[in-house]
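*Asks:* pasting the sequence and the predicted coordinates here, then a few questions.
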Amino acid sequence: MTSFTASGTFEVQLSPSPGEVGGSVGRFDLTKTWHGDLQGSGSGLMLSAGNPAAGDAGYVAIETFIGTLHEREGSFAFAQFGLMEGGQSTLTYRVVPGSGIGELSGIRGVLDLVIEEGEHRYTLTYDLD
């Protein structure tokens, strides 16, 4: 299997999502516009907790991407898990196995994200069956 690399940027918008979760857990709808080797849109749901202003928080999210990846058309899902502890962040951002549709069927991969001066830059390392 050959690995490929895709890179570019995205913009993200979060808005409170209706529905009770309970306790200090927040629920948000997310939408994204992807640019670069990924061209398309994303939408999903994020749950978060903690106190980000104090440097301690966490979130989980599932997002569906619809568009093209290196000119292959289709869709797939990302699973995200992020923690901030003492102001230090860790992030896991993976393609959900079995979620690829169309020309992106069989995709597997890991996305690395860097946020600098408010700009989200990604590098996606992926394989296709």
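*Replies:* Great, that's in hand.
*Asks:* ok, how many other residues are close to Asp37?
*Replies:* Using other C-beta atoms under 10 Å, Asp37 has 17 neighbouring residues. Just so you know, the C-beta spots here come from the backbone N, C-alpha and C atoms, and that holds for glycine as well.
*Asks:* my guess is it contacts Leu69. True?
*Replies:* Yes: using C-beta atoms under 8 Å, Asp37 is in contact with Leu69, at 6.4 Å.
*Asks:* who touches both of these two?
*Replies:* 6, 124 (C-beta atoms under 8 Å, 6 or more residues apart in numbering).
*Asks:* need the helices for the protein, in chain order.
*Replies:* Read by DSSP state H, the chain holds no helices at all.
*Asks:* strands of that one, start to end?
*Replies:* In the chain, the strands defined using DSSP state E lie at 3-16, 26-36, 38-51, 56-69, 72-85, 88-95, 101-102, 108-116, 119-127.
*Asks:* how about a markdown table for these, with mean neighbour count and mean pLDDT added?
*Replies:* Compiled in a markdown table, the strands of the chain are given as follows (neighbours: other C-beta atoms under 10 Å; pLDDT from 0 to 100):
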| stretch | mean neighbour count | mean pLDDT |
| --- | --- | --- |
| strand 3-16 | 13 | 96 |
| strand 26-36 | 16 | 96 |
| strand 38-51 | 16 | 96 |
| strand 56-69 | 18 | 97 |
| strand 72-85 | 17 | 97 |
| strand 88-95 | 14 | 95 |
| strand 101-102 | 13 | 98 |
| strand 108-116 | 14 | 95 |
| strand 119-127 | 16 | 97 |
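*Asks:* residues in contact with Glu63?
*Replies:* Neighbours of Glu63 in contact, by C-beta under 8 Å, 6+ apart: 30, 32, 42-44, 77-78, 80.
*Asks:* dump those residues to TSV, plus distance to Arg108.
*Replies:* Shown next, in TSV, are the contacts of Glu63 (distance: C-beta to C-beta, whole Å):
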residue	distance to Arg108
Leu30	22
Lys32	20
Gly42	18
Ser43	21
Gly44	19
Ala77	12
Phe78	12
Gln80	16
